[in-house]
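# Based on what follows, work out the 3D shape:
(4 chains)
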There are 2 protein chains.
Amino acid sequence: MGRTQLERKADTRERLVRAAAELFGSLGFHSVSTDAVAARADRTSGAVYAHFGSKQGLLLAVLEEWRSETAADAEVELDAATDLDARTEALWRTLSSRTGERGDAWLMLEMELWLHAARQPELRQLLAERYDEIRHEMAHAFEEWAATAGSSLASPPDEMSTLVLALLLGLGLQRRMEPESVSDELAGRGIRSLLGLGAG
Amino acid sequence: MGRTQLERKADTRERLVRAAAELFGSLGFHSVSTDAVAARADRTSGAVYAHFGSKQGLLLAVLEEWRSETAADAEVELDAATDLDARTEALWRTLSSRTGERGDAWLMLEMELWLHAARQPELRQLLAERYDEIRHEMAHAFEEWAATAGSSLASPPDEMSTLVLALLLGLGLQRRMEPESVSDELAGRGIRSLLGLGAG
DNA sequence: GTCTATACGACGATAGAC
DNA sequence: GTCTATCGTCGTATAGAC
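This next block holds a predicted model:
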């Protein structure tokens, strides 16, 4: 069939990205060779260069993949939550403490990307846009929450989302070092007090 | 003199740690070779292994050095601030947006350490203790603030310091990618609303 | 696009003299 | 403790056949 080679190409690309996400996240970008990624994807390192040009190109592809996944996950989680407590908890769960098949590789990969971006302007631009998107989505959600709660937000929604995103990231960092220091309940309380929608 | 060799030893150690802090912070741990560190310290790589055993041992020494420095800096800054606005601002400045000679290498080195610690239990323990210390110091300060303000804290001080530390870290991360997204004023407002001591 | 094979460089770490 | 010299290894990336 004429489309077999296209399918195979897409398949290889997907395999490589998946393998890279798993290995980079669990072992770290620098500790993982292109050979290792290719091997896990049942390919050879040549395929990495044919598809992504470099090891860093592969890292970027992983980022793009996770961005869309995360957005989708967040939307599902948040739509399912009805009251404020459930919403804040869902937010915390989605952005900072994912468990399950991917483990907590999420935050580690995020930090890995942040570090690279901190030193490379092109990457920095890309990550900045990523944060912008996340903040926008959150800001939109906050406005809805306030509306359904009958109250109004104390500050501009985009400022609020900056603060909330910061809180989520920072709690994730601490939680990874010392899980007991950050309970789900504490996270929820923190978010609510930033929003000014808490119990007071 | 009998102490010359001891002095020289201490001097070499200090040179190596300083050089490592500068290079690791600006270029990243993985991008910097032990030879490069040693060269900047006017020594050779053998000295690194004689003093620290490994490249990672050197990283740990850098961490210890910065921990004490940061604590001292924070104390000075906070003692100089009198009202709540000045205090929250000093907090933000000390922990997340240091500029000057060290540039913003601080946060990058911190994240570098975090990433290593996330994968190594011994290091994780050490970093957890570091966070604990920071939180304790902040918690102590918060109690004083509340006392002088005549009000009381809404939550236990150690929970508050967890939230505030999270906010500071998270804002630092975003600020590095997109400085305009995090104003000093916003940071101060965020801290105050977590503390429940804000304007409202 | 994918493979094998390999060039080429760099790195961490050690040995041994001083 | 510090130096010079060096070993062995591993990594990224490329060349060229298929």
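
# what about chain A, any weak spots by pLDDT?
Along chain A, the model assigns pLDDT under 70 to residues A:1-3, A:96-103, A:198-200.

# what's the domain layout of it?
A:1-53, A:62-195 (automatic domain parsing).

# so how far is the shortest one from its chain's centroid?
Between the mean C-alpha point of domain A:1-53 and the mean C-alpha point of its chain there is a distance of 20 Å (Cα atoms, centre = their mean, to the nearest Å).

# next one: the last one
In terms of Cα atoms, centre = their mean, the centre of domain A:62-195 is set 8 Å apart from its chain centre.

# now the end-to-end length of it.
32 Å (Cα to Cα, to the nearest Å).

# The residue of chain A at minimum distance from DNA strand D: what's it in contact with?
Chain A approaches DNA strand D most closely through A:Ser33 (3.3 Å), counting by Cβ to the nearest atom of the strand. From N, CA and C alone the C-beta is placed, and that goes for glycine too. By Cβ atoms under 8 Å, 6 or more residues apart in numbering or on different chains, A:Ser33 lies in contact with A:Ser45.

# rewinding a little: so can I have a markdown table of the domains of chain A showing distance to B:Gly57?
Shown next, in a markdown table, are these (distance: least, Cβ to Cβ, whole Å):
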| stretch | distance to B:Gly57 |
| --- | --- |
| domain A:1-53 | 18 |
| domain A:62-195 | 20 |
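
# among those, which is the most enclosed?
domain A:62-195 (a mean of 18; mean count of other Cβ atoms under 10 Å in any protein chain shown).

# Do it and DNA strand D come into contact?
No - judged by Cβ under 7 Å from any atom of the strand, domain A:62-195 and DNA strand D are separated, with a smallest distance of 13.0 Å.

# Is there proximity between that domain and chain B?
Yes - counting by Cβ under 8 Å from any Cβ of the partner chain, chain B has neighbours in domain A:62-195: A:108, A:111-112, A:114-115, A:117-119, A:124, A:127-128, A:131-132, A:135, A:154-155, A:159, A:162-163, A:165-171, A:173-174, A:176-178, A:181-182, A:186, A:189-190, A:193-194.

# What about those, which are in helices?
A:108, A:111-112, A:114-115, A:117-119, A:124, A:127-128, A:131-132, A:135, A:159, A:162-163, A:165-171, A:173-174, A:176-177, A:186, A:189-190, A:193-194 (DSSP state H).

# and these near DNA strand C, which?
Within these, nothing lies near DNA strand C by Cβ under 7 Å from any atom of the strand.

# mind checking how far A:Ala81 is from B:Met160?
26 Å (Cβ to Cβ, to the nearest Å).

# same thing with A:Glu112?
Distance from A:Glu112 to B:Met160, by Cβ to Cβ: 30 Å.

# For stretch A:64-72, list the C-alpha coordinates in CSV.
Output in CSV follows, covering the C-alpha atoms of stretch A:64-72 (Å, rounded to 0.1, in the frame of the first residue of the first chain):
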residue,chain,number,x,y,z
GLU,A,64,5.4,19.2,22.4
GLU,A,65,3.9,15.8,23.0
TRP,A,66,3.5,16.4,26.7
ARG,A,67,2.1,19.8,26.3
SER,A,68,-0.9,18.6,24.4
GLU,A,69,-1.3,15.6,26.6
THR,A,70,-1.3,17.7,29.8
ALA,A,71,-3.8,20.2,28.4
ALA,A,72,-6.2,17.4,27.5
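
# Please work out which residues outside that stretch touch it.
So stretch A:64-72 is in contact with A:17, A:21, A:94-95, A:106, A:109, A:130, A:133, A:137, going by Cβ under 8 Å, 6+ apart.
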